[in-house]
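Asker: no sequence on this one, just coordinates:
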């Protein structure tokens with residue numbers, strides 16, 4: 001089984017990030033560029049970080065438009081404090097809300113990649129007054145249940161229940177498996193979204209590859225169905241995989257973001 005894993009390789013030569021400390025002493029690494037609003041916040045995927053190709057492409061695009069842009073690492077990811085294995089969906093969503101509250105002002109467009117698509121939804125639900133629009137790339141709400149627990153074999157489930165974790169092969173890094181904690185699965189159930197209407201009313205753009213082996217296209221269809229907003233557009237990419245990081249994929253992403261920002265700025 002492939003997991004909802006890192007979707008971009010890190011880029012070299014990236015300047016050191018700024019650091020903010022949360023109330024519990026954890027530190028969050030970030031890069032923030034001021035500019036016009038709506039601002040943009042990039043939310044990374046599972047065990048990915050803010051130096052990935054898509055995050056950097058969105059930042060470059062926002063620089064050219066003069067748009068405010070924030071990218072950051074969740075705790076246990078990248079250059080933020082903490083261990084990945086200690087993290088949960090709720091904790092990473094709390095990191096996103098903290099970054100939104102303390103590092104940005106005014107309306108924001110959230111761009112969520114893979115797991116970041118789940119985080120963006122939880123953030124929008126927590127701070128609806130701050131969110132102007134959403135863009136999901138292979139958005140993966142509920143993946144800990146639908147793409148992990150539900151497809152684990154009886155032997156894998158028994159291992160997790162016995163040991164408190166399960167090591168899965170990492171199709172993005174041959175050297176290091178994913179260690180999936182029981183806490184990640186159990187806490188994820190407190191944040192499942194696809195079982196009922198999702199009360200989000202802002203414009204939403206979803207981009208999904210039909211050759212995605214980590215997040216099936218049916219997840220995108222279910223999400224579109226559950227969102228309360230009437231302004232939801234879905235783009236299915238016939239040759240698209242989970243990364244959606246080829247040059248034409250990046251062009252599609254920035255065109256979609258530009259179109260949404262133009263729409264929001266015109267209203």
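Answerer: Arrived safely. Remember, it's a predicted structure, so these values are computed and weren't measured experimentally.

Asker: now residue 79: how far from residue 39?
Answerer: From residue 79 over to residue 39 the distance is 21 Å, taken as C-beta to C-beta, to the nearest Å. Using the backbone N, CA and C atoms, a C-beta is placed for each residue, glycine as well.

Asker: looking at these two, which is more packed in?
Answerer: Using other C-beta atoms under 10 Å as the criterion, residue 79 and residue 39 rank with residue 39 on top: 26 against 17.

Asker: name the SS class of that one, please.
Answerer: Using DSSP: H, G, I helix; E, B strand; the rest coil, the three-state assignment for residue 39 comes out as strand.

Asker: residues contacting it?
Answerer: With C-beta atoms under 8 Å, 6 or more residues apart in numbering as the criterion, the residues that contact residue 39 are 67-70, 104-109.

Asker: need the buried ones from those residues selected in PyMOL.
Answerer: Per 16 or more other C-beta atoms under 10 Å, the buried members of the contacts of residue 39 correspond to this PyMOL selection:
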select buried, resi 67+68+69+70+104+108+109
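
Asker: can you list the contacts of residue 39 in CSV and add pLDDT?
Answerer: CSV is the format used below for those (pLDDT from 0 to 100):
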residue, pLDDT
67, 98
68, 98
69, 98
70, 98
104, 97
105, 96
106, 97
107, 98
108, 98
109, 98
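
Asker: for the contacts of residue 39, could you give me CSV that also reports secondary structure and distance to residue 48?
Answerer: Converted to CSV, these look like this (DSSP: H, G, I helix; E, B strand; the rest coil; distance: C-beta to C-beta, whole Å):
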residue, secondary structure, distance to residue 48
67, strand, 22
68, strand, 22
69, strand, 17
70, strand, 16
104, coil, 21
105, coil, 26
106, coil, 27
107, coil, 25
108, strand, 20
109, strand, 19
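
Asker: out of the contacts of residue 39, who's nearest residue 19?
Answerer: When those are compared for distance to residue 19 (C-beta to C-beta), residue 70 comes out closest, at 13.7 Å.

Asker: so who does the closest one touch?
Answerer: Contact partners of residue 70, counting by C-beta under 8 Å, 6+ apart, are 30-33, 39-42, 99, 103-104.

Asker: what do you get if the cut-off is 7 Å, keeping everything else the same?
Answerer: With contacts defined as C-beta atoms under 7 Å, 6 or more residues apart in numbering, the neighbours of residue 70 are 30, 32, 39, 41, 99, 103-104.

Asker: kindly check the end-to-end length of stretch 186-196 for me.
Answerer: Start and end residues of stretch 186-196 are separated by 19 Å (C-alpha to C-alpha, to the nearest Å).

Asker: tell me which residues in it are buried?
Answerer: 187-188, 191, 193-194.

Asker: residue nearest the middle of this structure, spatially speaking?
Answerer: Taking C-alpha atoms, centre = their mean, the centroid of the chain lies closest to residue 116, which sits 0.8 Å from it.

Asker: pretty sure it is touching residue 43, no?
Answerer: Yes. Under the criterion of C-beta atoms under 7 Å, residue 116 makes contact with residue 43 at 3.4 Å.

Asker: can you point me to the longest helix in the chain?
Answerer: In the chain, assigned by DSSP state H, the helix with the most residues is helix 247-266.

Asker: got a list of contacts for it?
Answerer: Around helix 247-266, the neighbours that count as contacts under C-beta under 7 Å, 6+ apart are 38, 54, 57-58, 61, 67, 109, 111, 132-133, 135, 137, 203, 205, 207, 240.

Asker: between those residues, which is nearest residue 170?
Answerer: Within the contacts of helix 247-266, proximity to residue 170 (C-beta to C-beta) peaks at residue 54, which comes in at 19.3 Å.

Asker: check which residues of the host helix or strand of that closest one are buried.
Answerer: Assignment of secondary structure by DSSP states H and E places residue 54 within helix 53-65. Of the residues in helix 53-65, those with enough neighbours to count as buried (16+ other C-beta under 10 Å) are 53-59, 61-62, 65.
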